[in-house]
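take this sequence and fold it.
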Amino acid sequence: MKKFRKVLDGLTTSSPGGTIGSPSCGSAAGTPTAAPTPKEIDVQETLVSENFQLCKTVRHGFPYQPTTLAFDPVQKILAIGSRTGGVRILGRPGVDCYCQHESGAAVLQLQFLINEGALVTACADDTLHLWNLRQRRPAILHSLKFNRERITFCHLPFQSKWLYVGTERGNTHIVNIESFILSGYVIMWNKAIELSTKTHPGPVVHLSDSPKDEGKLLIGFESGTIVQWDLRGKKADFRIYYDEAIHSVSWHHEGKQFMCSHSDGSLTLWNLRNTAKPFQITFPHGKIQKDGRKESCKPILKVEYKTSRNSEPFVIFSGGLSYDKAGRRPTLTIMHGKAITVLEMDHPIVEFMALCETPYNNEVQEPYAVVVLLEKDFIVVDLTQSNFPIFENPYPMDIHESPVTCTAYFADCPPDIIPILYSIGAKHKKTGYSQKEWPISGGTWTLGSQTYPEIIITGHADGSIKFWDASAITLQMLYKLKTSKVFEKPKPGEGRTAELVEEDPYAVQMVCWCPQSRIFCVVGISAHIILYRFSKYDSNTQIVSLEVRLQCESEDVISPSETENNPCFSDPSSHSPQPQHQHPASPSSGTPEGVKDSIPCLRVKDRVTRMPPGYQAELVVQLLWVDGEPPQQITSLDINSAYGLLAFGNCNGLAVVDYLQKTILLCMSTLDLYGATDPYQRLTRSPRRNRQSTSEFCMRGLSNFYSDSKKRIRTSYQSLTELSDNQQSVDMERSKSPTSDHVNGHCTSPTSQPCSAGKPRVPMGPEGPRLARRGPGRPPFRKAQSAACMEISLPVSHTEESRENSFSRSRSSSVSSIDRDTKEAVTTLQFGESYGRKSDALPTPCLWVGTSLGVVLLIPMSIPTEEEERLEEPVTIGPSGAVLMLKGSVLRFAFLDCMGALIHNPYEVWRDFNAPEDPDRPRKRKLVNFSPSSSQDASGEGHLAVVCSERQAKVFLMPSQSCLFVHNITESSFVLRADVVSVCNSVCLACFCANGHVMTLRYDHANHN
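Residues are numbered from 1 along each chain as shown. Here you go, the predicted structure:
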């Protein structure tokens, strides 16, 4: 693939400000000019380019825009063609191959060379291709281009070397399948029909050989003309002229009769003894009306006429319903004797095909199943049972059952997690499937010896979550979770539901999962977070709900003198959010004029509910409407089971929740997180006079989340670049500040009393008093709900070049300049053991915060270690003032020890809270901690912090916070996703860019160029 690059030997610089691997890239703004490399750092890098040979393995999910299918009844493999030129070959579960035509032309028809390991494809660019399937990667052996005629139908008889090709002009060409060249034998349309017939019969819509004589070819024309052509005698045996257009033809195995489907919804049965008129005409779904006339019916697009030894023949067709039944779903009809069964489908039928025991068309067919290819699904019906059940599909075809809105991948999961998820998920599976084995059972595959537990999690527009086992080539669904069950169903006619979210209010934006502790978090489009715990037992519990005001209200700017010595307001309306259970709120709560205030978008169930085994909701956090403005969507999330904390942020600020004590610890605007270390000048503006609802662009349902036409997912923070495009709403959206206990909002404690005037709550620690004071460089204090809109501008000393390097974003012109109205969103969060301050001697729990302006903030925490204290004593948290800078929005954090090994986050070992109590083995918290000094002989030697943004990667030494290395990843594009992963006993930074490039960067301390 040309779009994939090999390993870049990046992050190797001779000086901290230099750049290797991008000669044309200048050094980043804010890069330290001198940072000596400590002697104790000894990273032995072993990765080379040969370790990264990227290749496609398999495509999961339903084929996009399918067009046709084919089946090999001997090898029992199936092929599906698509409108984009793709061919998907499926066999037994695990046998899955994808081929792509370079032209990208739609695949019109597929024909297997039965039991020969080859496939013929006819494409919309009028080209025939012969694929060799007898090799590891199927490839095209021959191609044949039709220049003057358009291909409409192909037929390849079993064990024949002649491929018959019908065209739009009504001619039939014959291709030698071995040499793949035209034989020169052409059945011209004017010779196929009588010379006295002056009208053109139309395109060829059907070709088939007679079961009695392979030298006889049946040609069906669109207009209703049918001709049996004698290939040896080069003449027509008989001609049939029917006044209804033909869509398909199917032979009886004896070769004495055939059946046609027509555009008027009729089926005609023809006998070769008398071709003057049809032997039988039926309208399967056309009833006789009161006036004696038949109902007008839709066309029957395809019919198959299959015989059986021990029963009546099967007549299977699609379409043919009467026009007057509006709104009916697409149907497949099975006529067996006098019984007529109509199977309704969820999506339009693309094509179907009966699977028979024999490949010979002159033997009793004995159909045992029918494959139905739908626009968005693939089902197989069991014909051997009278109720026609469907087979349980072993392929992951239902990934997009509801549009996928987010994905997450987890490797090296605990070995017991996949079996337990599968056992729980199996209890909730649908019943009524056929008990027989999956009929598409061809091909062989072996499970490699290098497999390890892999899980893919998909979030969907309807709020559902699916866990998939991706350990082998195949993808198997383990468990399905419906997040919508947490909320009350909106009542019909309830006004606020329609106003808050147009459609799919439960759509999943992001997930966060700790496989070791089995804690699972879901972020929804309605600005809500659901925390789940896993249990093997059912329970009856009430879900706790917390509400957070992470948005501003219209207030005047307060002068510094008013709050200099009183940073904690006594006004109860300005207190920080406190834990509270969800309570019903009317749409007009909070204001007499009916403006929405202090209400969430959804209503959590406020009663005790039964929860089945599996993931059970424990806590719901919802952002509230404030003064008629809906909450902004959540852009970042992280959870740590060892700390018992959950952090999330959006374009307004950051909140930290203690999910063990069910309290809100921190709720601050992004601006307030800086304290006295704000690197920017922020110019206050006068508060706006008229406040209008911004719901039309703040929360437009999934019209902002994925487009209605293609349902394309975007990253959640990407919507921030669009906010400034609506000029009417810019003033209302600039730099909102959330409510908090005090102006700086550094810490709130779940157990302390409400803050009184003159007694601010500050974090415990040596820097606590300093954190509560306003720095000299800060703008005037604002009340917690402030309408003072801020503009961000660079310090005067910064050059124009550094301005561009620090803040230019290619994604949208609305944020390309710092002079434009820009909102600083929290784009990534990471809990871990680190050094929150330069003076720290030992690592402590910290929260790393990355913003859309390329700023990294460190927030140290003090967490009680004993289990009883942890549930009762407060967690102390507050920004340390540490600020690091990068170019572009911050995407990812990772920590390495001084030997270059990846430091994993601490976690709590899973325990089942609903399990019966065992007096001999009490349930206690068991924490696994990976300290930066755990792999060192001496403690306190620090660690390396790798920070990746949209454009840069930097390595910082902690606790000194000195920048060791910088690498400018891209100048022409930007990074979409990044992660630090272990490969071949080493560590690399993997980046996926918007231009389609995948880059891997290695950290090479020893190489100085």
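
may I have stretch 253-261 as PDB, with CA atoms only?
Below are the C-alpha coordinates for stretch 253-261, written out as PDB (Å, rounded to 0.1, in the frame of the first residue of the first chain):
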ATOM      1  CA  HIS A 253     -34.500 -30.200 -13.800                       C
ATOM      2  CA  GLU A 254     -36.100 -32.400 -16.500                       C
ATOM      3  CA  GLY A 255     -35.700 -29.700 -19.100                       C
ATOM      4  CA  LYS A 256     -39.300 -29.900 -20.300                       C
ATOM      5  CA  GLN A 257     -40.600 -26.800 -18.500                       C
ATOM      6  CA  PHE A 258     -39.300 -23.500 -17.300                       C
ATOM      7  CA  MET A 259     -40.800 -20.600 -15.300                       C
ATOM      8  CA  CYS A 260     -40.500 -16.900 -15.900                       C
ATOM      9  CA  SER A 261     -41.100 -13.900 -13.600                       C
END
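
so where do the strands sit in the stretch 601-750 of the chain?
Listed in chain order, the strands found in the stretch 601-750 of the chain under DSSP state E, counting those that start in this stretch are 609-611, 614-623, 636-640, 645-649, 653-658, 663-669, 681-684.

just checking, what packs against the fourth one?
If I follow you right, that is strand 645-649. On a contact count with 3 or more CB pairs under 8 Å, 6 or more residues apart in numbering; DSSP states H and E, strand 645-649 meets strand 528-535, strand 636-640, strand 653-658, strand 826-834, strand 844-851. Quick note: C-beta positions are derived from backbone N, CA and C, even for glycine.

give me whichever of those strands is most buried.
Between the helices and strands packed on strand 645-649, strand 653-658 has the highest mean count of neighbours, a mean of 27, where neighbours are mean count of other CB atoms under 10 Å.

residues contacting the closest residue to Cys846 other than its chain neighbours?
Excluding the flanking residues, the one nearest Cys846 by CB to CB, 6 or more residues apart in numbering is Ser834, at 4.1 Å. Taking CB atoms under 8 Å, 6 or more residues apart in numbering as the criterion, Ser834 is in contact with Pro843, Thr844, Cys846, Trp848, Leu858, Phe895, Pro932, His943, Ala945, Met958.

can you give the domain ranges for the protein?
Domain assignment for the chain, taken from the TED database, gives 242-395, 416-425+452-488+502-550+595-634.

for the ones you listed, give me JSON lines that also has distance to Ser103.
Supplementary listing: the domains of the chain in JSON lines, determined by distance: least, CB to CB, whole Å:
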{"stretch": "domain 242-395", "distance to Ser103": "21"}
{"stretch": "domain 416-425+452-488+502-550+595-634", "distance to Ser103": "28"}
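
out of these, which is closest to Tyr98?
Ranking these by proximity to Tyr98 (CB to CB) places domain 416-425+452-488+502-550+595-634 first, at 11.7 Å.

and that closest one, end to end?
From the first residue to the last, domain 416-425+452-488+502-550+595-634 extends over 32 Å; the measure is CA to CA, to the nearest Å.

tell me the mean pLDDT for stretch 64-77?
Average pLDDT, stretch 64-77: 94.

and what of stretch 98-108?
Averaged across stretch 98-108, the pLDDT comes to 93.

go on, stretch 376-384?
93.

let the chain start at 38 from now.
Let's use 38 as the start, then, which means that last one is stretch 413-421.

show me what counts as buried in the helix ranked longest in the chain.
In the chain, assigned by DSSP state H, the helix with the most residues is helix 454-463. Taking 16 or more other CB atoms under 10 Å as the neighbour-count basis, helix 454-463 is seen to contain the buried residues Ile454, Ile455, Ile457, Leu458, Ile461, Gly462.

and for stretch 373-390?
His373, Leu380, Met382, Ile386, Val387, Glu388, Phe389, Met390.

from the residues you listed, which is closest to Glu945?
Sorting the buried residues of stretch 373-390 by distance to Glu945 puts Met382 at the head of the list, at 47.0 Å, by CB to CB.

ok, that closest one - contacts?
The neighbourhood of Met382, defined by CB under 8 Å, 6+ apart, consists of Arg366, Pro367, Thr368, Leu369, Val409, Leu411, Asp414, Ile416.

on that earlier part again, of the strands of the stretch 638-787 of the chain, which is nearest Leu84?
Closest approach to Leu84 among the strands of the stretch 638-787 of the chain (CB to CB): strand 673-677, 27.4 Å.

what strands flank the closest one, and is each parallel or antiparallel?
strand 682-686 (antiparallel) (DSSP bridges).

now find how far off-centre the strand it pairs with is within its chain.
Going by CA atoms, centre = their mean, to the nearest Å, the spacing between the C-alpha centre of strand 682-686 and its chain's C-alpha centre is 22 Å.

lowest-confidence helix or strand of the chain?
Among the secondary structure pieces of the chain, namely its helices and strands, strand 827-830 has the lowest mean (mean pLDDT, DSSP states H and E), a mean of 32.

please enumerate the helices of the stretch 488-637 of the chain.
Chain-ordered helices for the stretch 488-637 of the chain, with DSSP state H, counting those that start in this stretch as the definition, fall at 532-537, 597-600.

mean pLDDT for those helices: which is lowest?
Note on those: helix 597-600 shows the lowest mean pLDDT, a mean of 35.

roughly how far does Phe275 sit from Leu338?
The spacing between Phe275 and Leu338, counted by CB to CB, to the nearest Å, is 25 Å.

who has more neighbours out of the two?
Taking other CB atoms under 10 Å, Phe275 and Leu338 do not tie; Leu338 has more neighbours (17 against 14).

just the helices in the stretch 38-187 of the chain please.
According to DSSP H, counting those that start in this stretch, the stretch 38-187 of the chain carries no segments that qualify as helices.

residue ranges with poor pLDDT in it?
For the stretch 38-187 of the chain, residues meeting the criterion pLDDT under 70 lie at 38-82.

the residue most central in space within the chain in helix, strand or coil?
The centroid of the chain falls nearest to Cys443 when counting by CA atoms, centre = their mean (3.5 Å). Counting by DSSP: H, G, I helix; E, B strand; the rest coil, the backbone at Cys443 sits in strand.

for burial, what's the neighbour tally of the closest residue to it other than its chain neighbours?
Closest residue to Cys443 in three dimensions, ignoring its sequence neighbours and counting by CB to CB, 6+ apart: Gly496, at 4.1 Å. Close neighbours of Gly496, defined as other CB under 10 Å, add up to 27.
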